[in-house]
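>>> coords please:
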Amino acid sequence: MKGFTRSEFIFHNNEPHFIEMNTTPGLSEASILPQQAEKAGISLPQLFGSAIEAALKLH
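Below is the predicted model:
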């Protein structure tokens, strides 16, 4: 998987088990990706700009 994704796990007996991967994570203020970027001091335009640059380098 490349780009932004959200992976979901559950823990059973203290062991993580993969449930699913969402390849289109939410982008609302309540969504995790924007919150993580904010905590890291990265604006959404910076975040998306770096993703676009990385994608362009692949082609």
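>>> List of residues touching the longest helix along the chain?
Ranked by residue count, the top helix of the chain under DSSP state H comes out as helix 44-58. Outside helix 44-58, the residues within contact range by CB atoms under 8 Å, 6 or more residues apart in numbering are 3-4, 27, 33-34, 37. Any C-beta I mention is one placed from the backbone N, CA and C, and that applies to glycine too.
>>> what do you get if the cut-off is 7 Å, keeping everything else the same?
3-4, 34, 37 (CB atoms under 7 Å, 6 or more residues apart in numbering).
>>> Pull the distance from it to the chain's centre.
Distance, stretch centre to chain centre, for helix 44-58: 13 Å (CA atoms, centre = their mean, to the nearest Å).
>>> buried ones in it?
Neighbour counts over helix 44-58 (16 or more other CB atoms under 10 Å) mark Leu47 as buried.
>>> Nearest to Thr23 among the contacts of helix 44-58?
Gly3 (7.4 Å; CB to CB).
>>> What ranges in the chain fall below the confidence cut-off?
For the chain, the stretches with pLDDT under 70 are 1.
>>> how about the strands of it, start to end?
6-12, 15-22 (DSSP state E).
>>> Need those in JSON lines (columns: mean neighbour count and distance to Glu53).
Output for the strands of the chain, formatted as JSON lines (neighbours: other CB atoms under 10 Å; distance: least, CB to CB, whole Å):
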{"stretch": "strand 6-12", "mean neighbour count": "10", "distance to Glu53": "22"}
{"stretch": "strand 15-22", "mean neighbour count": "10", "distance to Glu53": "23"}
